[in-house]
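1. Provided below for reference: sequence and predicted model.
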Amino acid sequence: SEGRAMRTIVENPENCESGGSRILVFVRLRPMAKKEKEAGSRTCVKIVNRKDVYLTEFASETDYLRLKRLRGRHFCFDAAFSDSTTQQEVYATTTTELVEGVLQGRNGSVFCYGATGAGKTYTMLGTVENPGVMVLAIKDLFSKIRQRSYDGNHLVHLSYLEVYNETVRDLLSPGRPLVLREDKQGIVAAGLTQYRAYSTDEVMSLLQQGNQNRTTEPTRANETSSRSHAILQVVAEFQIIESGKIVNRVGKLSLIDLAGSERALATDQRSQRSIEGANINRSLLALSSCINALVEGKKHIPYRNSKLTQLLKDSLGGPCNTVMIANISPCNLSFGETQNTLHWADRAKEIKTKGYVINDEAFQVPDSTTDQAKLVLELQKEN
Ligand code: ADP
Ligand code: MG
């Protein structure tokens, strides 16, 4: 697959509303868990009009109307999904357009952001009964490619990797950490498995297995909290006939289940956890720094500050379609985390993207110096 890194920026894409000009930001509220109900937890989030989110620290359902004007913090997103929204609805609203873009040769990416337990993995991977965005996207890709490929042939390659403690690992073939290299295609993890998928059926178990390889160690705050960022990359390639010629189409979709956004350092100051926490924060902080730099329209975006942002360099704010899904819990005990997540998501709405990339001509963004000193300062503030 030589010469596949050839790309062009299209500054004024025709259908801007599908995400060519800025990041689309969605919020998904998960249902209250049985345990939380039994413990008498109250709901602190209310979703109205499919896009407005009200956050109030102590409102009960009946207090909501009375309090929202007085106490409720109001946020508005491209869409906000209530706790009864199905996986299919979430997929259709957030990701079908990106899959369409991938079929036309534009890269796309979907991020899930939020605290541990807020529903990121449910949204991305889901369950066998209720598959999430990762599986539904691949299913959609397969069926659309089969319709459009002129000879019925296609290549769909999957790579699944994690960034844990500033180390990159292959989730489909666990082993030694992978080294990041910069080549014509951008930053790649050397030796990463490219699994050729033939049908949707095999994908769920493959990804579930991959997820079991994710590093999830017990912490005091949450026994199963996920400490790693998981990135699924789907590369789809097929041929169509255009103006009497066979044209190759290739696009990449990245689906990212970020590590819990809560302050990891609060859980244990004394052990390995705190180093790990600093590194988790490092990646998420670096992601936030990149977002801030993109929002402010800075020339230099500090992608090199973490492994996560290096890997996402071609998927964030740059010339691609980007979607953020902020996952939140309804539980009043998670009020602080929910508020942080909503603020973060609110900020992400401001990111302007440069337009689409069409995979047909040479294009490379040079990355200049690192922003290490600034990151260290931010880390000190954070901790
Ligand atoms: P995270 O990955 O953000 O730590 P999970 O996706 O593991 O959180 O969700 C925590 C728990 O809540 C899981 O048991 C999950 O099945 C459940 N859950 C999350 N979102 C939903 C939802 N929309 N509908 C039903 N159950 C959900
Ligand atoms: Mg998870």
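-> Nice, thanks for sending it over. Ligands and ions are numbered 1, 2, ... in the order given.

2. spell out which parts of this structure neighbour ligand 1.
-> Contact residues, the chain versus ligand 1 (Cβ under 6 Å from any ligand atom): 30-31, 114, 116-122, 226, 260, 327. Every residue, glycine included, has its C-beta placed from N, CA and C.

3. and of the residues you listed, the nearest to residue 350?
-> Of all the residues of the chain next to ligand 1, residue 114 has the smallest distance to residue 350: 18.9 Å, by Cβ to Cβ.

4. quick check, that closest one in contact with residue 334.
-> No. Contact criterion Cβ atoms under 8 Å: residue 114 and residue 334 do not qualify, at 9.7 Å.

5. now list the buried members of the residues of the chain next to ligand 1.
-> 30, 114, 116-122, 226, 260, 327 (16 or more other Cβ atoms under 10 Å).

6. what sits in contact with each of residue 114 and residue 334?
-> Common contact partners of residue 114 and residue 334 (Cβ atoms under 8 Å, 6 or more residues apart in numbering): residue 328.

7. show me the shaky parts of the chain.
-> Confidence mapping of the chain against pLDDT under 70 gives the ranges 1-21, 58-72, 216-226, 263-281, 317-319, 352-383.

8. now do the host helix or strand of residue 27: which elements does it pack against?
-> Using DSSP states H and E, residue 27 maps to strand 24-29. Applying 3 or more Cβ pairs under 8 Å, 6 or more residues apart in numbering; DSSP states H and E, one finds that strand 24-29 makes contact with strand 45-48, strand 79-81, helix 87-94, strand 321-328, helix 335-348.

9. just to revisit the earlier point, from the buried ones among the residues of the chain next to ligand 1, which ones fall inside helices?
-> Under the assignment DSSP state H, those contribute 120-122 to helices.

10. what about residue 204, how many residues nearby?
-> Each residue near residue 204 was counted by other Cβ atoms under 10 Å, and the total is 19.

11. and the one 5 residues further on, by the same measure?
-> By other Cβ under 10 Å, 13 other residues sit near residue 209.

12. am I right that it sits in a strand?
-> No. Under DSSP: H, G, I helix; E, B strand; the rest coil, residue 209 falls outside any strand and is assigned helix.

13. pretty sure residue 234 is in a strand, no?
-> Yes. According to three-state DSSP, residue 234 belongs to a strand.

14. surely it and residue 138 touch.
-> Yes. Using Cβ under 8 Å as the test, residue 234 is close enough to residue 138 to be in contact (6.2 Å).

15. now do the phi/psi pair for the closest residue to residue 189 other than its chain neighbours.
-> Once flanking residues are discounted, residue 189 sits nearest to residue 178: 4.1 Å by Cβ to Cβ, 6 or more residues apart in numbering. When read as degrees, to the nearest 10, the backbone of residue 178 gives phi -90, psi 150.

16. what sits against the residue nearest in space to the middle of the chain?
-> Closest to where the C-alpha atoms of the chain average out (Cα atoms, centre = their mean) is residue 111, at 1.2 Å. Residues in contact with residue 111 (Cβ under 8 Å, 6+ apart) are 256, 258, 322-325.

17. which one of these sits closest to ligand 2?
-> Using Cβ to the ion, residue 258 comes nearest to ligand 2 of the contacts of residue 111, at 8.9 Å.

18. I figured the closest one was touching residue 115, is that so?
-> No. Counting by Cβ under 8 Å, residue 115 is not a contact partner of residue 258; they are 10.5 Å apart.

19. stretch 197-212 and ligand 2 in contact?
-> No. Judged by Cβ under 5 Å from the ion, stretch 197-212 makes no contact with ligand 2; its nearest approach is 8.3 Å.
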